[in-house]
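Chemist: Structure of the sequence below:
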Amino acid sequence: MQVAFAYRGRSGVAQTNAGLAVALAPNVRRDRVSFVGTLKQPLRFREAMSALHDVVISDLRFKPKDKTGYEEWKKQEAAREAAVRSEAVKLKRSELEKEKNRPMPPGLERRYQKCRQRYWDARTKYGNMLYREDPDLWRLLMPCDPVITVSPDVLFFECFSADESSYGCLNVEREAFEAETDVALGTTNVDYSWRLYEHFQTIRSYRETRFAIDPTGFEVQTTATEAGYREEKIELPQSWLRGFSALQSAMSLPMRRVPVSREGVYALVAFLKRHRAKTSPRAVRFELTPGRPVKIVLEPWNKEIVLYDTPYPGPRAEIIRTWGRDRLRVLGRLLPLLDGCDVYLLGTGLPAFWVASMGEMKLTLGLSGWTANDWTSGGSAIDQLAPPVAPSNEVMRALADAFKLTPTWTLGALVSTTRSPAPVISAGLNKLALLGQVIHDLPHGVYRWRQVMPVTLSVEVIGPDNEETVAARELVGWKCRITADATDEKGRRKLVGNVEGRSSAEVTLDPDDRIVAGKCSCSYFYTGGLRKGPCRHLQAVRNKALGFGDQGGTLENWFKRFTN
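Modeler: This next block holds a predicted model:
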């Protein structure tokens, strides 16, 4: 999907007589969105935005390297270094002795700024060259610009990681600002670059920081400001849209809330920073018992972190395992400002959402559980989150009318307003989230109207559900039976099942419950294997083993699975 972005100038942080001015350039191809205010706690904003930046650039996909040239270079460098080291040390020592009592040369600061500007000009030129000649590499270096939404009570920034596996959302309450002016509600993309990230690091608590989103230009002009519009046409891959939408739809479902104290987050991040797992499984295991302290276990070390001051408020005891824990290191920067975290869990192998609270600011970190995934293949457990029955047009119209009336709703209020059952409304909200129209604000427990793209997304744009995945949901009850279930020494689960009379449906699941190997006698598997995604019979065996769809494909049973 090709999306056009147009910005008047560039975002930046400029020095003024009163302090710093954070000026964000919104996408002028979208409806007018603006906001001007002064931050009460600029340090919180600086650290939260920096953590969000870490989410945007994160890419933990495996990248094999050819070390032949590197090894040869090391040998040459060792030989050269041995020959010149002693002579270089002598020469440098003599030069330092001569300059020992010399004052700082005049114009040093000016020359430093000139060299710094030369560096940024070269970096910009390199980025433009990549954009022309290697768009794929350019998109890895310059991910899609974040989305910012101005709501009546909050501002929130959203982003998606470069490897399409992590989601970040910074939620800033309007109470965090004072002297608000020129407020226009809506959603837009904002220009966000590495230079802006460096500018954010200059924010200090002793200087006033003014925040501005102004589509007509910057209030404070800087040398980085360019006249006119800056046009960008970005080809967003279907996997990016599908992944972003899938995590959004997962976030719209009922989840278990697990409170985690700041001390617990510190113990978790500190242990992960000091240790690196060499064997599987690499999961974070939550052992939950109502009224008892939450226990977090880090595998494979079985390191226990017991949160004595945060008892689990859930209704029943269970054990949930999640993956993608390496990305939790971005929370380390927030520890000095952190009040605590709430972890929202869907189930084992499904996405988990960590909400870090910092007073009036909250950062939501969504982890899919893998660093590389084909969002359109149907091979992951996240595909089972979709409602088994599509909501009716009447329900979708009722939801649209409600959000036209007010952009913020709770699930209970929508049920009362539309006079529809909660499972039906939840399925409708899930569909709107999948299409990029609605976001579930986890910290506030409300659904907000938000169009993530300047154009209306459709099922054709983000890609429909995999046909085999849809058919697998119908193979429930007596139609699917597990005949063998074993786990090997690598933690992979091997299943053998009988689906509609087929006795040769064999499937292997990795610790993320993804299908990594399989064997089936159907024509779909015979012609394509797993290259086009697993067939309906392999997916049905996995669904049976994971307990999905045992009670049939109704909205009531689908909703009950998450609420129970």
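Chemist: Farthest out from the centre of the protein, which residue is that? Tell me.
Modeler: Distance from the C-alpha centroid of the chain peaks at residue 98, with 54.4 Å (Cα atoms, centre = their mean).
Chemist: pLDDT score assigned to that one?
Modeler: Confidence at residue 98, expressed as pLDDT, is 76.
Chemist: Quick one: end-to-end length of stretch 272-288, please.
Modeler: 21 Å (Cα to Cα, to the nearest Å).
Chemist: Can you pull out the residues in contact with that stretch?
Modeler: Stretch 272-288 is contacted from outside by 256, 258, 268, 294-301, 312, 314, 317-323, 325-326, 328-329, 332, 343, 345, 352, 490-491, 511, using Cβ atoms under 8 Å, 6 or more residues apart in numbering. Where C-beta positions appear, they are placed from N, C-alpha and C, glycine not excepted.
Chemist: Out of those, which end up buried?
Modeler: 256, 258, 268, 294-299, 312, 314, 318, 320-323, 325, 328, 332, 343, 345, 352, 491, 511 (16 or more other Cβ atoms under 10 Å).
Chemist: Okay, and which of those residues map to strands?
Modeler: 256, 258, 294-298, 318, 320-322, 343, 345, 352 (DSSP state E).
Chemist: Tell me the one among the residues you listed nearest to residue 87.
Modeler: Distance from residue 87 was checked for each of those by Cβ to Cβ. The minimum falls on residue 298, at 50.5 Å.
Chemist: Wait, the closest one touches residue 271, no?
Modeler: Yes: taking Cβ atoms under 8 Å as the definition, residue 298 is a contact partner of residue 271 at 6.3 Å.
Chemist: Pairing partners for the helix or strand harbouring residue 494, with directions?
Modeler: With elements delineated by DSSP states H and E, residue 494 resides in strand 493-499, which encompasses its position. Looking at strand 493-499 with DSSP bridges, its partner strands are strand 480-487 (antiparallel), strand 502-509 (antiparallel).
Chemist: Quick one: mean pLDDT for it?
Modeler: Computed over strand 493-499, the average pLDDT equals 88.
Chemist: Tell me how many other residues surround residue 265.
Modeler: Residue crowding around residue 265 was assessed by other Cβ atoms under 10 Å; the count is 24.
Chemist: how far is the host helix or strand of it from where the chain is centred?
Modeler: With secondary structure defined by DSSP H and E, residue 265 is part of helix 262-274. Here the centre of mass of C-alpha atoms in helix 262-274, compared against the chain's by Cα atoms, centre = their mean, to the nearest Å, lies 20 Å away.
Chemist: Helix or strand next in line after that helix, which one?
Modeler: Proceeding N to C from helix 262-274, the next assigned helix or strand is strand 284-288, under DSSP H and E.
Chemist: now the angle from that following strand to helix 262-274?
Modeler: Counting by axes from the mean of the first three to the mean of the last three Cα atoms, to 10 degrees, strand 284-288 points 150 degrees away from the direction of helix 262-274.
Chemist: got the CA coordinates for stretch 109-117 in PDB?
Modeler: Coordinates of the C-alpha atoms in stretch 109-117 are reproduced here as PDB (Å, rounded to 0.1, in the frame of the first residue of the first chain):
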ATOM      1  CA  GLU A 109      32.800  25.900  19.500                       C
ATOM      2  CA  ARG A 110      32.100  27.400  16.100                       C
ATOM      3  CA  ARG A 111      34.200  24.800  14.400                       C
ATOM      4  CA  TYR A 112      32.500  22.000  16.300                       C
ATOM      5  CA  GLN A 113      29.100  23.200  15.200                       C
ATOM      6  CA  LYS A 114      30.300  23.400  11.600                       C
ATOM      7  CA  CYS A 115      31.600  19.900  11.700                       C
ATOM      8  CA  ARG A 116      28.400  18.700  13.300                       C
ATOM      9  CA  GLN A 117      26.400  20.300  10.600                       C
END
